[in-house]
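Asks: build the 3D model from these lines:
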Amino acid sequence: MSGAPSRRSALLGLAVAGTAVIGFDPFTRSWAVAASGRPLRDIPELDGTLHTDEASLSAAADDFGHYMHRRPAAVLRPGSVGDVVAMVRFCNRHGLRVAPRGQGHGTNGQAQVEGGLVIETAPLASIGPVGPASADVTVGAGAKWSDVARATLAHGLTPPVFTDYLELSVGGTLSVGGLGGQSHQHGAQVDNVVELDVVTGAGELLRCSPVRHRDLFFAVLAGLGQCAVVVGATLRLVRAPETVRHYLLPYDDLRTFLDDQRLLVREGRFSYLEGQIAPDASGAFREYLIEAVAYGPPAGDAPDDTVLLRGLRHAPAGAQIADLAYFDFLDRLAPGVAALKEAGLWSYAHPWLNLLLPGHRTADLAGPLLEAVTPADLGPGGVVLLYPLLRERLRTPLPRMPDDPVPYLLAVLRTTPPEDVATIERLLSANRSAYDTVSAAGGTRYPVGSVPFGRADWRRHFGPAWPRFAEARKTYDPRGILVPGQGVFRQ
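Replies: Predicted coordinates for the structure are as follows:
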């Protein structure tokens with residue numbers, strides 16, 4: 001068998017209970033297993049395709065981190081939700097591990113699976129009808145946020161929260177939380193989900209919400225794929241602005257920068273608020289920049305610079321203010337990403353560090369952490385972000401937040417050549433050390449990055465949410481086949 005796509009394509013080399021599949025009989029639709037010759041029968045008919053070709057397996061064994069590689073035995077490109085149900089049931093029956101993969105933007109092998117099945121959710125990209133008065137939209141898990149934004153903006157509506165990079169799948173960001181510059185106003189993306197369609201680890205297709213299968217709903221949102229595969233989501237929508245006013249405000253002192261950010265989120269002056277930190281001429285990360293956006297009509301009033309900037313202590317001479325179309329603002333990273341791809345830097349390794357700091361300790365924690373960052377370790381195209389959230393807006397249980405009314409997200413988005421293994425290992429070790437420091441001070445991690453973690457670490461991470469999370473795992477994925485790459489329930 002060549003591995004070319006077909007509705008009857010087979011999974012070759014699939015690990016089964018310590019043995020290996022060595023052959024497929026297209027007439028009986030069964031696999032023969034090397035150790036015992038025991039066939040695995042009843043391979044389901046599919047609307048989509050299974051792939052075992054080298055290109056598909058190699059792609060699924062990589063991610064945006066470009067340093068962790070776990071090779072699956074096959075890749076499912078579903079033609080329907082029914083394909084996901086059928087193959088999860090098959091894998092559950094035979095004890096085969098499964099990992100859904102959206103855009104593959106994990107950095108630490110989160111959506112990889114050794115010798116199992118990767119389910120590409122990209123084909124599940126439907127976007128339901130949106131009417132002028134609609135308060136929500138139902139989309140497939142593989143839909144990209146950029147496409148969701150375009151579809152809803154055609155009706156003057158928008159999801160309230162976006163991550164900075166729009167070319168991520170809905171299912172992918174909902175599995176981790178989905179934080180962004182609007183989170184101080186509207187919470188994380190998971191706080192704006194009306195209901196979910198999921199396939200549990202037992203292969204059951206369920207619709208869940210805060211009032212229907214509530215335990216499953218809250219175990220899936222930011223649940224790292226441990227209980228079910230998201231196949232669809234109904235998202236809350238709000239009125240969209242037509243234009244925004246975009247502010248870049250420079251600072252030269254960390255505490256002043258943090259204090260002004262805290263003031264702004266508490267007062268709610270801006271619809272979007274983040275912050276960046278860049279190296280100065282000496283290479284020290286001491287140039288601070290507030291990025292803020294005020295929405296214009298019909299979602300907001302016409303921005304008034306005097307009112308919005310009153311009392312802030314930035315350097316006025318360096319401020320940059322521009323009016324942008326709303327979608328152009330949302331998609332502002334696109335030119336930079338295109339440049340990184342053209343330069344070959346998109347394929348660099350990305351051992352990212354993403355931490356959540358208790359607000360009252362942010363200056364004390366961030367200062368030393370930033371002193372340890374060098375431009376060389378950040379790498380070409382790397383970015384440092386530091387911005388506040390409002391704890392009261394973050395209502396979903398599993399994105400674990402510091403016990404502080406204004407926690408801060410610190411993201412050190414590093415890049416380094418993927419062949420420089422020694423540097424990658426050193427940066428991963430530095431990430432772990434930074435996490436330990438922050439954790440001891442009451443902070444947590446945002447699990448999109450690359451921090452070496454074991455099961456005991458995950459149990460501490462989830463803290464009081466762990467018992468219910470573990471019970472949901474036992475209920476909805478009793479054989480523990482889902483998303484082993486996260487390592488949450490395995491040593």
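
Asks: so how far is stretch 353-360 from its chain's centroid?
Replies: In terms of C-alpha atoms, centre = their mean, to the nearest Å, the centre of stretch 353-360 is set 17 Å apart from its chain centre.

Asks: tell me the contacts of residue 450?
Replies: Residue 450 makes contact with 65, 107, 108, 350, 351, 352, 353, 427, 428, 431, according to C-beta atoms under 8 Å, 6 or more residues apart in numbering. The C-beta positions use only the backbone N, C-alpha and C, and glycine is treated the same way.

Asks: wait, a helix at it?
Replies: No. Under DSSP: H, G, I helix; E, B strand; the rest coil, residue 450 sits outside any helix and is assigned coil.

Asks: who does the residue lying closest to residue 198 once chain neighbours are set aside bridge with?
Replies: Distances taken as C-beta to C-beta, 6 or more residues apart in numbering put residue 228 closest to residue 198, at 3.7 Å, once the chain neighbours are dropped. Counting by DSSP bridges, residue 228 forms beta bridges with residue 200.

Asks: give me the number of residues near residue 228?
Replies: 32 (other C-beta atoms under 10 Å).

Asks: contacting residues for it?
Replies: 198, 199, 200, 201, 206, 216, 219, 220, 476, 477, 482.

Asks: so how far is the longest strand seen in the chain from its chain's centroid?
Replies: Counting residues, the longest strand found in the chain (DSSP state E) is strand 285-295. Strand 285-295 sits 23 Å away from the centroid of its parent chain (C-alpha atoms, centre = their mean).

Asks: past it, which element shows up next along the chain?
Replies: Using DSSP states H and E, the helix or strand that follows strand 285-295 in sequence is helix 305-309.

Asks: for that next one, give me every contacting residue.
Replies: Residues contacting helix 305-309 (C-beta under 8 Å, 6+ apart): 245, 247, 249, 269, 270, 292, 294, 319, 321.

Asks: residue contacts, residue 312?
Replies: Contacts of residue 312 by C-beta under 8 Å, 6+ apart are 249, 260, 263, 264, 290.

Asks: which of those count as buried?
Replies: Buried members of the contacts of residue 312, scored by 16 or more other C-beta atoms under 10 Å, are 249, 260, 264, 290.

Asks: domains of this protein?
Replies: 15-120, 136-239, 243-455 (automatic domain parsing).

Asks: reformat the ones you listed as TSV; add distance to residue 486 and mean pLDDT.
Replies: Formatted as TSV, those follow (distance: least, C-beta to C-beta, whole Å; pLDDT from 0 to 100):
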stretch	distance to residue 486	mean pLDDT
domain 15-120	5	82
domain 136-239	5	98
domain 243-455	8	97
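
Asks: before we move on, back to that, in strands, which of the contacts of residue 228 fall?
Replies: Short answer: these in strands (DSSP E) are 198, 199, 200, 206.

Asks: which residues touch the third one?
Replies: For residue 200, the residues meeting the contact criterion (C-beta under 8 Å, 6+ apart) are 88, 206, 216, 227, 228, 476, 477.

Asks: again, but for the first one
Replies: Neighbour list for residue 198: 205, 206, 207, 208, 216, 220, 227, 228, 229, 230, 231 [criterion: C-beta under 8 Å, 6+ apart].

Asks: who touches the fifth one in this structure?
Replies: This points to residue 216. 198, 200, 206, 208, 227, 228, 472, 475, 476.

Asks: count the residues that sit near the last one.
Replies: By other C-beta under 10 Å, the residues close to residue 476 number 25.

Asks: hang on, the earlier thing: turn the contacts of helix 305-309 into JSON lines, columns for secondary structure and distance to residue 421.
Replies: Putting those into JSON lines (DSSP: H, G, I helix; E, B strand; the rest coil; distance: C-beta to C-beta, whole Å) gives the following:
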{"residue": "245", "secondary structure": "strand", "distance to residue 421": "45"}
{"residue": "247", "secondary structure": "strand", "distance to residue 421": "41"}
{"residue": "249", "secondary structure": "strand", "distance to residue 421": "40"}
{"residue": "269", "secondary structure": "coil", "distance to residue 421": "46"}
{"residue": "270", "secondary structure": "coil", "distance to residue 421": "42"}
{"residue": "292", "secondary structure": "strand", "distance to residue 421": "40"}
{"residue": "294", "secondary structure": "strand", "distance to residue 421": "46"}
{"residue": "319", "secondary structure": "coil", "distance to residue 421": "43"}
{"residue": "321", "secondary structure": "strand", "distance to residue 421": "44"}
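
Asks: and the ones in strands among the contacts of residue 228 as CSV, adding distance to residue 404?
Replies: Converted to CSV, the ones in strands among the contacts of residue 228 look like this (distance: C-beta to C-beta, whole Å):
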residue, distance to residue 404
198, 32
199, 36
200, 34
206, 35
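
Asks: identify, from the residues you listed, the entry nearest to residue 328.
Replies: Each of the ones in strands among the contacts of residue 228 was checked against residue 328 using C-beta to C-beta; the closest is residue 198, at 34.0 Å.

Asks: report the separation between the residue nearest to residue 198 and residue 218.
Replies: Going from residue 228 to residue 218 by C-beta to C-beta, to the nearest Å gives 12 Å.

Asks: tell me which residues in the longest helix anywhere in the chain are buried?
Replies: Longest helix in the chain by number of residues, with DSSP state H as the criterion: helix 421-440. Using 16+ other C-beta under 10 Å as the test for burial, helix 421-440 gives 423, 424, 427, 428, 430, 431, 432, 434, 435, 438, 439.

Asks: turn those residues into a markdown table, including distance to residue 342.
Replies: As requested, these are arranged in a markdown table below (distance: C-beta to C-beta, whole Å):
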| residue | distance to residue 342 |
| --- | --- |
| 423 | 24 |
| 424 | 23 |
| 427 | 25 |
| 428 | 28 |
| 430 | 29 |
| 431 | 28 |
| 432 | 33 |
| 434 | 32 |
| 435 | 33 |
| 438 | 35 |
| 439 | 39 |
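
Asks: could you identify the most distant pair in those residues?
Replies: Farthest pair in the buried residues of helix 421-440, by C-beta to C-beta: 423 and 439, 24.2 Å.

Asks: neighbours of the closest residue to residue 69 other than its chain neighbours, just the number please.
Replies: Leaving aside its chain neighbours, residue 69 sits nearest to residue 61 (4.8 Å; criterion: C-beta to C-beta, 6+ apart). By other C-beta under 10 Å, the residues close to residue 61 number 18.
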